[in-house]
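Undergrad: Quick one, fold the following:
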Amino acid sequence: MAEEKQKAEKVSRIWLNSKFWKTFLVILAAFLTFAGPTYVIYALTHFLDISFAFSAAFGFVLFVVGLVFDWYLIKNKVVS
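TA: As a prediction, this is how the structure comes out:
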(Lines give C-alpha, C1' and ligand atoms only; values in the text may rest on other atoms or scores of the structure.)
Protein backbone atom coordinates (compact mmCIF):
# COMPACT_ATOMS: atom_id res chain seq x y z
CA MET A 1 0.00 0.00 0.00
CA ALA A 2 2.81 2.40 0.85
CA GLU A 3 4.55 1.58 -2.44
CA GLU A 4 1.45 2.53 -4.42
CA LYS A 5 1.19 5.84 -2.57
CA GLN A 6 4.85 6.64 -3.21
CA LYS A 7 4.46 5.76 -6.89
CA ALA A 8 1.40 8.02 -7.20
CA GLU A 9 3.25 10.89 -5.49
CA LYS A 10 6.23 10.38 -7.80
CA VAL A 11 4.03 10.55 -10.89
CA SER A 12 2.30 13.71 -9.65
CA ARG A 13 5.67 15.31 -8.86
CA ILE A 14 6.86 14.64 -12.43
CA TRP A 15 3.87 16.64 -13.71
CA LEU A 16 4.53 19.46 -11.27
CA ASN A 17 8.25 19.71 -12.08
CA SER A 18 7.79 20.49 -15.78
CA LYS A 19 7.37 24.18 -16.67
CA PHE A 20 4.95 23.25 -19.43
CA TRP A 21 2.67 21.30 -17.07
CA LYS A 22 2.85 24.00 -14.39
CA THR A 23 1.76 26.62 -16.91
CA PHE A 24 -0.94 24.37 -18.36
CA LEU A 25 -2.37 23.50 -14.93
CA VAL A 26 -2.44 27.14 -13.81
CA ILE A 27 -4.22 28.20 -17.02
CA LEU A 28 -6.69 25.31 -16.66
CA ALA A 29 -7.43 26.28 -13.05
CA ALA A 30 -7.96 29.91 -14.05
CA PHE A 31 -10.25 28.87 -16.91
CA LEU A 32 -12.36 26.68 -14.64
CA THR A 33 -12.57 29.37 -11.96
CA PHE A 34 -13.38 32.36 -14.14
CA ALA A 35 -14.74 31.11 -17.46
CA GLY A 36 -16.80 28.29 -15.96
CA PRO A 37 -19.39 30.48 -14.26
CA THR A 38 -19.52 33.07 -17.06
CA TYR A 39 -18.77 31.97 -20.60
CA VAL A 40 -19.81 28.35 -20.15
CA ILE A 41 -23.23 29.43 -18.87
CA TYR A 42 -23.63 31.76 -21.84
CA ALA A 43 -22.57 29.07 -24.32
CA LEU A 44 -24.88 26.46 -22.83
CA THR A 45 -27.93 28.72 -22.78
CA HIS A 46 -27.51 30.47 -26.12
CA PHE A 47 -25.82 27.95 -28.39
CA LEU A 48 -27.05 24.62 -27.02
CA ASP A 49 -30.46 25.85 -25.78
CA ILE A 50 -30.07 24.27 -22.36
CA SER A 51 -32.15 25.71 -19.53
CA PHE A 52 -30.59 28.49 -17.50
CA ALA A 53 -31.00 26.59 -14.21
CA PHE A 54 -29.00 23.60 -15.46
CA SER A 55 -26.32 25.76 -17.06
CA ALA A 56 -26.01 27.89 -13.90
CA ALA A 57 -25.64 24.75 -11.78
CA PHE A 58 -23.02 23.41 -14.19
CA GLY A 59 -21.18 26.75 -14.08
CA PHE A 60 -21.20 26.64 -10.28
CA VAL A 61 -19.78 23.12 -10.34
CA LEU A 62 -16.99 24.27 -12.68
CA PHE A 63 -16.30 27.19 -10.33
CA VAL A 64 -15.98 24.87 -7.33
CA VAL A 65 -13.74 22.49 -9.30
CA GLY A 66 -11.57 25.46 -10.27
CA LEU A 67 -11.27 26.58 -6.64
CA VAL A 68 -10.34 23.07 -5.52
CA PHE A 69 -7.78 22.89 -8.31
CA ASP A 70 -6.37 26.29 -7.27
CA TRP A 71 -6.14 25.06 -3.68
CA TYR A 72 -4.29 21.92 -4.85
CA LEU A 73 -1.79 23.96 -6.87
CA ILE A 74 -1.15 26.34 -3.96
CA LYS A 75 -0.82 23.45 -1.51
CA ASN A 76 1.83 21.81 -3.72
CA LYS A 77 3.60 25.17 -4.15
CA VAL A 78 3.13 25.33 -7.90
CA VAL A 79 1.62 28.78 -7.37
CA SER A 80 2.99 30.88 -4.56
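Undergrad: count of neighbours near Val68?
TA: 13 (other CB atoms under 10 Å). For the C-beta atoms, the positions are set from N, CA and C on the backbone; glycine is no exception.
Undergrad: Show the model's pLDDT score for it.
TA: Note on Val68: pLDDT of 93.
Undergrad: sec struct for Val78, please.
TA: Following DSSP: H, G, I helix; E, B strand; the rest coil, Val78 is assigned to coil.
Undergrad: what does Asp49 give?
TA: Taking three-state DSSP, the label given to Asp49 is coil.
Undergrad: I'd like the distance between it and Asn17.
TA: 44 Å (CB to CB, to the nearest Å).
Undergrad: Pretty sure Leu44 is one of the things Phe54 touches, is it not?
TA: Yes: counting by CB atoms under 8 Å, Phe54 does reach Leu44; the two are 7.5 Å apart.
Undergrad: Determine the longest helix present in the chain.
TA: helix 52-75 (DSSP state H).
Undergrad: Residues touching it, excluding its own?
TA: Applying CB atoms under 8 Å, 6 or more residues apart in numbering, the contact partners of helix 52-75 are 25-26, 28-34, 36-38, 40-41, 44-45, 79-80.
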